[in-house]
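>>> Sharing a sequence plus its predicted fold:
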Amino acid sequence: MTIEEELRTEVERRLRKQEELYGFQLFLPNFLSDHPDLFLAYTDLSARLLVEPKHLNQREVELAAISASTAMGSEHCLTTHITQAINIGITKEEIVETMMIASLMSMTRGLATAFRKLDELE
């Protein structure tokens, strides 16, 4: 088997594993699968942080992902991580509170930057 064939086999294995985990193909890894070097690096990092965290439990990982996705306005990431959160028993109330905290932090970041600039220019 050539190196290219080995890479393609590994890419396909990881795509199947992600589909088993999430129940569908995630856009970003699927897109990157045409670039095995980037795909492998991306999936190594995402697996380490989201699937096999060392210091957080899966509830904390999903709530952190929901929080970041909310603050960033990432609709597709929200869909993925809300679904995962519900699947592992996180309540709607916990998700809503997480989203509110993320939104508040995102809002205050913008306000703090804007008000500092206003103060600086007066």
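Looks like it came in fine. Numbers count the residues shown, from 1 in each chain.

>>> longest helix anywhere in the protein?
helix 92-121 (DSSP state H).

>>> Could you pull out the buried residues of that helix?
Judged by neighbour count using 16 or more other C-beta atoms under 10 Å, the buried positions of helix 92-121 are Ile95, Thr98, Met99, Ala102, Ser106. C-beta coordinates here come from the backbone N, C-alpha and C atoms, glycine included.

>>> Walk me through the domains of the protein.
1-52, 55-122 (automatic domain parsing).

>>> In CSV, list the ones you listed along with mean pLDDT.
Output for these, formatted as CSV (pLDDT from 0 to 100):
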stretch, mean pLDDT
domain 1-52, 95
domain 55-122, 96
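
>>> For the helix or strand that contains Pro29, what is the distance to the chain centroid?
Per DSSP states H and E, Pro29 falls inside helix 27-32. Centroid separation for helix 27-32 versus its chain: 13 Å, with C-alpha atoms, centre = their mean, to the nearest Å.

>>> what sits up against it?
For helix 27-32, contacts defined as C-beta atoms under 8 Å, 6 or more residues apart in numbering pick out Arg14, Leu15, Gln18, Leu38, Phe39, Tyr42, Thr43, Ser46, His76.

>>> if I look at Arg59, how far off is Ala85?
Distance from Arg59 to Ala85, counting by C-beta to C-beta, to the nearest Å: 8 Å.

>>> whoops, I mixed them up, Gly110
For Gly110, the distance to Ala85 - C-beta to C-beta - is 26 Å.

>>> swap in Leu56?
13 Å.

>>> Of these two, which one has the most company?
Ala85 (22 against 13; other C-beta atoms under 10 Å).

>>> That one: what's its closest spatial neighbour, skipping adjacent residues?
Once flanking residues are discounted, Ala85 sits nearest to Glu62: 4.2 Å by C-beta to C-beta, 6 or more residues apart in numbering.

>>> Any idea how many residues pack against that neighbour?
25.

>>> now Ser69, nearest residue through space, not along the chain?
That would be Cys77: by C-beta to C-beta, 6+ apart, it lies 3.9 Å from Ser69.

>>> May I have the host helix or strand of the one you found as CSV, with CA atoms only?
For Cys77, the element it lies in under DSSP H and E is helix 75-87. Extracted in CSV, the C-alpha atoms of helix 75-87 (Å, rounded to 0.1, in the frame of the first residue of the first chain):
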residue,chain,number,x,y,z
GLU,A,75,-24.9,27.9,14.0
HIS,A,76,-23.6,24.6,12.8
CYS,A,77,-21.4,24.0,15.9
LEU,A,78,-24.4,24.8,18.1
THR,A,79,-26.5,22.2,16.3
THR,A,80,-23.8,19.6,16.8
HIS,A,81,-23.0,20.4,20.4
ILE,A,82,-26.6,21.0,21.6
THR,A,83,-27.5,17.5,20.2
GLN,A,84,-24.4,16.0,21.9
ALA,A,85,-25.3,17.7,25.1
ILE,A,86,-28.9,16.4,25.1
ASN,A,87,-27.7,12.9,24.2
